[in-house]
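A.B. asks: okay, here's the prediction I keep looking at, along with the sequence it came from:
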Amino acid sequence: MQNSTRPGTRIAHIGIAVRALDESVSFYRDVLGLTDAPLDDADGARIAGLAAGPSLVELLEAESPESPIARFVAKRGPGIHHVCFAVDDLDATLDRCRAHGIRLIDERPRVGAEGKRIAFLHPSSTSGVLVELTEH
């Protein structure tokens, strides 16, 4: 049973790597009807945010050929890059990850888009999915 004073873990956003924002955003906005949710660019990516209920879809376009998104698209093509879960306590969640042998990309939280503390978990420990954690 969840603590009623905390929201509990939920999907905060899904990051989708795209070749070009201009070519991709219309499907989500014009066809699916998602609304714009302005986000700051971060980690070498231009980001278009779209609200999907309480969660976001983040379309990620590489700012340079050396960025993580550019490398992802070059290797795998456009597609889901990561899933971000909002947790009640990021530090405690990272401690639980360590205790369960989960490989961390970020040993300590850092500031990400939206100015929130984030940390990434390595896909080798999460069934092939790049997982981002953030606090509510």
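C.D. replies: Received the coordinates, thanks.
A.B. asks: all strands in the protein, in order from the N-terminus.
C.D. replies: 10-18, 35-36, 45-52, 55-62, 79-87, 110-111, 117-121, 131-135 (DSSP state E).
A.B. asks: and the angle from the fourth one to strand 131-135?
C.D. replies: Strand 55-62 and strand 131-135 meet at an angle of 120 degrees, taking axes from the mean of the first three to the mean of the last three C-alpha atoms, to 10 degrees as the criterion.
A.B. asks: list the buried residues in strand 55-62.
C.D. replies: Neighbour counts over strand 55-62 (16 or more other C-beta atoms under 10 Å) mark 56-62 as buried. Any C-beta I mention is one placed from the backbone N, CA and C, and that applies to glycine too.
A.B. asks: most centrally placed residue in the chain?
C.D. replies: Cys84 (4.2 Å; C-alpha atoms, centre = their mean).
A.B. asks: re the thing from before, winner for burial among the strands of the chain?
C.D. replies: Among these, strand 55-62 has the highest mean neighbour count (mean count of other C-beta atoms under 10 Å), at a mean of 22.
A.B. asks: let's have the strands of the chain in CSV, adding distance to Arg103 and mean pLDDT.
C.D. replies: As requested, the strands of the chain are exported to CSV (distance: least, C-beta to C-beta, whole Å; pLDDT from 0 to 100):
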stretch, distance to Arg103, mean pLDDT
strand 10-18, 19, 97
strand 35-36, 35, 96
strand 45-52, 23, 97
strand 55-62, 22, 97
strand 79-87, 15, 98
strand 110-111, 17, 94
strand 117-121, 7, 97
strand 131-135, 11, 96
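A.B. asks: I'd like the ones you listed as CSV, with distance to Asp95 appended.
C.D. replies: Shown next, in CSV, are the strands of the chain (distance: least, C-beta to C-beta, whole Å):
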stretch, distance to Asp95
strand 10-18, 20
strand 35-36, 36
strand 45-52, 29
strand 55-62, 25
strand 79-87, 12
strand 110-111, 17
strand 117-121, 11
strand 131-135, 12
